[in-house]
Each structure stands twice: as structure tokens, then as C-alpha cells.
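1. Sequence first, predicted coordinates after that:
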Amino acid sequence: MFPRLIMESFLRQRRRKLLAALAILLGTTAVTAMLAIGTSVGDKMNRELAAYGANIVVYPAADTLDVQEDGINIRPATAGSYLKEADLVKIKNIFWRNNITDISPELPLTVTVRTANATQQVPATGYWFHRTLRSGDESWTMGAPALHPWWKLHGSWPSDTGNAIPNEIAVGSDLARQLHLHLGDPLEVQNQSVRVAGIVSTGDATDRTLLVPLALAQAWMGRPGVVRRVYVSALTKPEDALARKDPNKLSPKMHDRWYCSPYANSIAYQIEETLPHTRAEQIRRIAQGESTVLSRISGLMLLVALAALLAAALAVAASMTTAIVERRQEIGLMRALGATRNTIAGLFFTEITLLALGGGLLGYLLGSLLAGRIGEQVFGSSIAFNPMLLPATLLLAVVVSLAGSAPSVWQAMKMEPATILREDA
Amino acid sequence: MSVAATRPETIIELRDATREYRGHAGTVRALDSISLSVSRGEWLAIMGPSGSGKSTLVNLLGCLDRVDAGSVRIAGKDINTLSRKELDQFRAETVGFIFQQFHLIPYLSALENIMLAQYFHSMTDRKEAMAALERVGLGDRAGHLPSELSGGEQQRVCIARALINQPPVLLADEPTGNLDAANQQIVTGLLRSLNQLGHTILMVTHDPEMAQMADRIVELHHGRIVAEREVSLAPHTS
């Protein structure tokens, strides 16, 4: 009898049910789209924000302070400690290895450059350009160009296989102008003939330096296999209260939670664990900027989703109120025949739950399609169907529908059969 | 045979039953210290003008309301002591309603309307529901919707629904109020035969002729019983 009553209710109040389902559908469409964009594009956005520089710097624990003048490190190249280049692949073996998007070692030094016109000392930095790292079956291509996507290159990056001493370099745009160097020009650096493969415009002090393959810089310094510092770009979770706590003062349980969250400082901590005698520090300005932007975007998305759900709940409430008023006689009769208040509530809640599941399922499908479109149009990348969102969307649809219909159902439960049945007497 | 054995069993007993309604204009005493006993198998007619307290009395006897003071005992239970849920269950088991407006669910067939009462009582039994429908002479109309039945037929479905759970008390609120003379006669005949089978019938009516069918008539006025008389010449044949 119960399914019969439910089915008849759907058949008889088709328009009203359709409107309620439509409201749920629109609400869940918006929520699914927001969730899909939030989870998928949140990652993409994080990746894009991370592309604007490193958020962790790693240097030897026993290092002396850099001496910078106008952005150029003028500390003697032989001073301080170094990291082993061969160890850097270990960074891709930490707990949050999949969040490490780029590793860019640097080895600054001062070199003697001899051109056709002059001989002078100029700052140079050894970089990876397109270095392939391998660990087990996995491999990744990393280096300075990926870490600094805004660098403008005229020409090409020096070849950088890591296997042989290369003879190509790139020159910062200011230095190239000063030394009257052009693409393909030969020049002598540290008594070695090299060729200008590219001219780089970075917008900072790097424009006044030579950008050389790391192996070449190591050879010129006479220190093979070392790097001075490493910049790491990692996908991180926005900083929250836990991230700001001193991990050494956390309880073991909270420490585990902190350790297993991709905060910039927990990733830095894991890098220090992996590379002994190093210091890994969060580059706070960039990381915090990312956190703020992501928090605000997430907040905005949450607001839109909440507004959509609220609208759905209100629509369901309006639809349910009318439906219950229309069915007063029926409710009164059922109560007189022995139906308890809970039976009446069960009848209406079952109806609205079925409606929510139907509307929610369609909303999930539409929302996923919408997210895909938004992903392509706004973020330039597709957002795949995320099956994990289906139960969440259905649950939300049911909760919102039940919440929206609860006041009306409560009124239905409180209806006195004696009053209703005598209304038209 | 002892005196106790011959005395009819009391199925309904109201003692100083008082019901008041509080509104903006003040408190209205709808029933004012009414005491009334109904024996098992008795047919009681309740009469009185509008506002006399008939509806309030029917609500109390139908376990749809509770007294503010005094007590109402039905089938040995003081309904004021029952929880809301217990009262719902007690109502389903004890009282069968026959309404003036029939109150059939319009989208359910005659048979399903009867099964609805079974459903809220315990569980549905199609055969039993069909038998009830046949008992009121509507076996061939089982699949018909209320809108496809005449007023008299709808009232007979209502009677079959009231009987389906075999309640000891039938509460008929103007059972023939909406019927033409021919259907009135059919419904009256049905009620009489039910009473002869031992059902206790409490019937609210404005119709003095209908009231004459009962064993006893009580008249209400301003919430009080102003007259009570046995119907000595109750016609037992139609």
C-alpha cells in the first residue's frame, strides 16, 4: 500500500513534483559543477600558481650567508657548502612526491668572459634546463624554464643532457646587450669556447648573468656534482591553523596529521628528512599568496554552491507546502484511520527523498557536463566526470530536500484529523 | 444467573468529561461535565443543534481528542492515559468511522480504500477487503474509483472500510446526511444489521427518523446532556 500511495502521489501531482525536482536539479547541477571545478581546477589553479615560482628553497645546513648586491650573489664561489646533485632525485621520493612539480638546482659563480672586444668578470649561474630525472620506472623533466614560465627566450635553451660537458649557454638580455652578443655568437668563458644558444629576458637580475648548464658551471668551478641551492615547486594545501603550528610542539597524533598534509612546511620538513644536512624552507611570500588566492576562490565557490542549495531548499519548501495543503483531507483521513504522525512524515519524506535522488542524479550529470564546459572555456582544460562526487551530490540533494520540506511536513504531522475531517462537513 | 452476568457490559464511559477551547475571544466550554455510559451492542443516537457539542463528543469518542477534565474510558481504557502513538493504534483497533462526506481517497479504488484501513491497522489482506466489500453489496465495484460510484455506494464503501478491522465501536457522523431516500434506506439497513450482529454504534444525526433507529437518544445543548431517552418502539424491520 505504501508504494501505491507514493506512486499515486507522483502521478497525481506531476507538475508540482516536476517543479520541485527541477529546483533540486538546478541546485545540484550548480553544486556538482562547483565541486568538480573546485576539486579539479583547484589542483590546476594550484599548479598554475605554483608555476609562478618555487615555494621551497633547499640549501646546505652549514651554508654561509649569501652576499647579494643588486640581486647578484657576490659571495666567493668557493665559500660555503654544497648539495650533491645526485641526491636531488630523492626529493621525488618523499611522501608528497606527486606534489613536487619542479626541482631547479642553481650553482652561482663568477666567470671570466672574453669576447672580440673585451675581457670581463660576469656572474653566471648553472641550471638544469630540461633535465630528465629517473627513479624506478618513473621519469620527470625538470629545470629552470619550467620553474620560471615567464622567462622569455629568444633562441633555444642550451642542450642539457647531464651526460657530457655542453658547449652552449644562454645569456641574460642586459648582458647580451652589454657584450654585444647575438644568437649563435661564439665566446670564450673560462678559457672554453661556447656558443650563445639563447638570449633570455627575465625581468630581474638574471638578465645580467650567464645562464649555463649545471654541468658546465660545475666544470668551471672545478666541483663536479655539486649545487649551491635548489628551488622546489610543490602543490601545497592552503595554510591553515595547523600549518602555522610548530611541528616539534605537536602531539604525535597532530604531528602525523600535519606530516600527512601537503603544507609547504611539511613538504620542506620531509625534504630535510630525505636530504640530511640540508635546510629546506618555505618561500613564504609566494606560498602564502597562493593560499590566499585559493582560499578566496574556494570561499566564492562555496558561497555560490550554498546559494544554489538554499534556492533549491526554498523551492522544495514552497512545493511541499502547497502539496500538503492540497492533501489535507487525505492526511486527516489517514490519521483517523490510525496512521501515526511518523507514518505521515514517512510518506512525505519518502516522496521527497525519491524526488531528491532523481533530481540529484540528473543534477550530477548536468553539473559534470557544465563543469567540463567551464573547464574548457575558462581554464583551457577538460574536467573529467568524478564518480566520487555522485554520492556527495545525492546526499546533499537529499539533505537539502529533507531540510526544505521539514517545516511543511512538521505542519502535516501536527494536523488534527478531527478539525480537517469536519472542515467540509 | 447472577446480576453481574445479566448486566450489559459498558464499552464507553464518560465521567464529568469537559472539553474547552481557548481562543482569542476567550475560552469556550464545548462539553461541560458530561457523564454517559454506552453498553456493548447498544445503538446510541446523539442529537442536538449546531454548537451543542456533538462534534466535540464525537471527537472524544473517536479518540481524535482528549478531555481537559474528567475521563473517557473506551473498551476499558482511559484514553487520557494513552500516549499519542498508543492512541493512534487504539483508534485503529477500536473505532470504525463512517463519515457524512464519505472521505474516500479519490485516487484509490473502492477495494484499495478498504485496504488502506487495514494497512494503518496492521497489514493488508485483499481477500478480506473483498469480502467486506461484498458484505455491503459492492463486490462487483471493487475496481471502481470513488468518482465512479454513487453517493450511496461511496457510503457503503465507507461502512465496509469502518468494519474491516472489526472494531467494537462504529462511529457514524450523519451517515445518511448526504444520501437520497433510496440510499438512506440501504445504509440504514446495513447499520441495523451490523447492530444486530453486536456492533456498538454511536451515531450523530439531525434526522429524528434516523434517531428512532437507535436504542437510545441523547440530546446535547450548550455542551450538556439535556435529554436522554430510550427508544421504546425502535422499528426493527425496514
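-> Looks like it arrived, so ask away. Numbering: from 1, shown residues only, chains lettered A, B, ... in the order given.

2. Residue numbers of chain B in contact with chain A?
-> B:55, B:59, B:62, B:64-65, B:84-85, B:88-89, B:91-93, B:97, B:99-101, B:103, B:105, B:107-108, B:112, B:115-117, B:119-121, B:124, B:161, B:173-174 (CB under 8 Å from any CB of the partner chain). For every residue, glycine as well, the C-beta is placed using N, CA and C.

3. Between its first and last residues, how far does stretch B:71-80 reach?
-> Start-to-end span of stretch B:71-80 (CA to CA, to the nearest Å) is 7 Å.

4. which of the residues of chain B next to chain A are buried?
-> Burial by neighbour count, 16 or more other CB atoms under 10 Å in any protein chain shown: within the residues of chain B next to chain A this picks out B:55, B:59, B:62, B:64-65, B:88-89, B:91-93, B:97, B:99-101, B:103, B:105, B:107-108, B:112, B:115-117, B:119-121, B:124, B:161, B:173-174.

5. Lowest-scoring secondary structure element of chain B by mean pLDDT?
-> Every helix and strand in chain B was compared by mean pLDDT, DSSP states H and E; the lowest is helix B:3-6, with a mean of 45.

6. following it, which helix or strand shows up next?
-> Helices and strands here follow DSSP states H and E; after helix B:3-6, the next one along the chain is strand B:10-23.

7. hey, where'd the strands end up in chain B?
-> Ranges of strands within chain B are B:10-23, B:26-39, B:43-47, B:69-74, B:77-78, B:95-98, B:169-173, B:200-204, B:216-221, B:224-230, based on DSSP state E.

8. Residues of chain A that sit close to chain B?
-> Contact residues (CB under 8 Å from any CB) of chain A with chain B: A:1-2, A:4, A:8, A:11-12, A:329-330, A:332-343, A:416-418, A:421-422, A:424-425.

9. Buried subset of the residues you listed, written for ChimeraX?
-> The buried subset of those, as determined by 16+ other CB under 10 Å, is captured in ChimeraX by this line:
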select /A:329,330,332,333,334,335,336,337,338,339,340,341,343,417,418,421,422
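
10. Cross the residues of chain A next to chain B against helices and list the overlap.
-> In helices, judged by DSSP state H, the following of the residues of chain A next to chain B are found: A:2, A:4, A:8, A:11-12, A:329-330, A:332-336, A:341-343, A:417-418, A:421.

11. Please name the nearest non-neighbouring residue to whatever residue of chain B ends up closest to chain A.
-> Going by CB to the nearest CB, chain A is nearest to B:Ala92 of chain B, at 2.5 Å. Nearest non-adjacent residue to B:Ala92, counting by CB to CB, 6 or more residues apart in numbering or on different chains: A:Gly338, 2.5 Å away.

12. Same question for B:Leu64.
-> Counting by CB to CB, 6+ apart, B:Leu64 lies nearest to A:Ala418, which is 4.0 Å off, once chain neighbours are set aside.

13. ok, now how distant is the one you found from A:Arg228?
-> Distance from A:Ala418 to A:Arg228, counting by CB to CB, to the nearest Å: 89 Å.

14. Contact partners for the spatially most central residue of chain B?
-> Computing the C-alpha centroid of chain B and ranking residues by CA atoms, centre = their mean puts B:Leu171 first, at 0.3 Å. Contact analysis of B:Leu171 by CB atoms under 8 Å, 6 or more residues apart in numbering or on different chains lists B:58, B:61-62, B:95-98, B:202.

15. beta partners for it?
-> Under the criterion DSSP bridges, B:Leu171 forms beta bridges with B:Phe97, B:Leu202.

16. low pLDDT regions in chain B?
-> Residue ranges of chain B with pLDDT under 70: B:1-7, B:233-238.

17. same thing but at 50, please
-> B:1-5, B:234-238 (pLDDT under 50).

18. biggest helix in it, by residue count?
-> Looking across chain B with DSSP H, the single longest helix is helix B:181-196.

19. who's in contact with B:Arg216?
-> B:42-45, B:228-231.

20. Please spell out the PyMOL selection for the buried subset of these.
-> Those of the contacts of B:Arg216 that count as buried under 16+ other CB under 10 Å are selected in PyMOL with:
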select buried, chain B and resi 42+43+44+45
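
21. can you list the contacts of B:Arg216 in a markdown table and add distance to A:Trp96?
-> Shown next, in a markdown table, are the contacts of B:Arg216 (distance: CB to CB, whole Å):
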| residue | distance to A:Trp96 |
| --- | --- |
| B:Glu42 | 85 |
| B:Trp43 | 85 |
| B:Leu44 | 83 |
| B:Ala45 | 86 |
| B:Glu228 | 90 |
| B:Arg229 | 94 |
| B:Glu230 | 94 |
| B:Val231 | 93 |
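
22. Looking at the contacts of B:Arg216, which is nearest A:Thr132?
-> Comparing these against A:Thr132 with CB to CB places B:Leu44 closest, at 99.7 Å.

23. So the closest one is in contact with B:Asp215, correct?
-> Yes: contact criterion CB atoms under 8 Å: B:Leu44 and B:Asp215 qualify, at 6.9 Å.

24. So which residues of the stretch 101-250 of chain A form helices?
-> Taking DSSP state H, counting those that start in this stretch as the test, the helices found in the stretch 101-250 of chain A are A:144-147, A:173-178, A:214-221.

25. name the helices or strands packed onto the shortest one?
-> Right, helix A:144-147. strand A:100-114, strand A:229-234 (3 or more CB pairs under 8 Å, 6 or more residues apart in numbering or on different chains; DSSP states H and E).

26. Residues touching the last one, excluding its own?
-> Contacts to strand A:229-234, defined as CB under 8 Å, 6+ apart, come from residues A:50-51, A:53-59, A:83, A:88, A:91, A:96, A:99-106, A:146-147, A:262, A:264, A:267, A:271, A:280.

27. how much space between B:Thr27 and B:His222?
-> 14 Å.

28. Show me which of those two is the more surrounded one.
-> Of the pair B:Thr27 and B:His222, B:His222 is the one with more neighbours under other CB atoms under 10 Å in any protein chain shown, namely 14 against 10.

29. How many neighbouring residues does the residue nearest to the more buried one when sequence neighbours are not counted have?
-> Spatial nearest neighbour of B:His222, excluding adjacent residues (CB to CB, 6+ apart): B:Ser52 at 6.6 Å. When neighbours are defined as other CB under 10 Å, B:Ser52 has 21 of them.

30. Give me the pLDDT for A:Leu396.
-> The confidence metric pLDDT takes the value 90 at A:Leu396.

31. close enough to count as contact, it and A:Leu310?
-> No: using CB under 8 Å, A:Leu396 is not in contact with A:Leu310; the gap is 12.0 Å.
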